[in-house]
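Undergrad: okay, here's the prediction I keep looking at, along with the sequence it came from:
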Amino acid sequence: TLQDVDAIIKRSNSVSAVSGVMFGAGTIKNDFSTLNINILGASDQFIRIFNMSIADGSYISKDEEDAGRRVVVLGHNVFKSLFGTENALGKLVKINDSEHRVIGVIKESGDKLGFNVDEMVFIPTKSALRLFNTENLFGIRASGRSRGGLDDTVKEITEILKERRDGEEDFTMVTQVTMLESMNTILNMLTYALGAIAFISMLVGGIGIMNIMLV
């Protein structure tokens, strides 16, 4: 919840940025085009966590996040599809039939840890919770002050959240390190599988050649 995010911001000493996120699918349209998109509700600190850059305009400000204003930052491909070469700043678009004002455009970024930033739009977290009619976040994203202190950061956040839940750990913590380890495990399994397929293919081919030579 947003209260969990506030607790981490106030009590954590090892976190440099933290944002609640609300993720969902929907449509965005203007007078010229309609697109199916992924919508991400995030705070003003999200751009620092994912190391994104603004190509035009600005990102969501703290005031806009706190007030849950209906503003939107467009991914690069979404901007191109809706506006082409026109200036999008200040224009109104409808996200799931709710009007939002365009305040910025993200610089072309591609995939970032499973997110295709270019195909997304970003709105304030409170605005996203209102749009999807829920009080629960999709998750929380945070960045530590240093890579060396990652374990301490995870431990600190875990303790803060457990204390808010009377000691119950009903949540999962995932770091970039564990994500990369999982990806490496999957890649290694694929490598072994492809190697086995190649070996079987060579064996079958060798038997075929041997039979021809015997004939």
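TA: Received, thanks.

Undergrad: and the contacts of stretch 21-38?
TA: With contact meaning C-beta atoms under 8 Å, 6 or more residues apart in numbering, stretch 21-38 is reached by 39-42, 46, 72, 75, 78, 81-83, 91-96, 115-116, 119-121, 125, 128-129, 131-132, 134, 137-141. Quick note: C-beta positions are derived from backbone N, CA and C, even for glycine.

Undergrad: cool, stretch 97-112 as well?
TA: With C-beta under 8 Å, 6+ apart, stretch 97-112 has contacts from 50-60, 64, 70-76, 79, 88-94, 116-118, 122-123, 127, 131.

Undergrad: can you flag the buried ones in the contacts of stretch 21-38?
TA: With burial judged by 16 or more other C-beta atoms under 10 Å, the buried subset of those is 39-42, 46, 72, 75, 78, 81-83, 91, 93, 95, 115, 119-121, 125, 128-129, 131-132, 137-138, 140-141.

Undergrad: so of the residues you listed, which ones are in helices?
TA: Within the buried ones among the contacts of stretch 21-38, residues falling in helices by DSSP state H are F46, V78, S81, L82, F83, T125, A128, L129, L131.

Undergrad: can you tell me which two in these are farthest apart?
TA: Greatest spacing in those, by C-beta to C-beta: F83 and L129 (27.1 Å).

Undergrad: buried residues in the longest strand seen in the chain?
TA: If you go by DSSP state E, the chain has its longest strand at strand 15-29. Neighbour-count burial for strand 15-29 flags V15, A17, V18, S19, G20, V21, M22, F23, G26, I28 (criterion: 16+ other C-beta under 10 Å).
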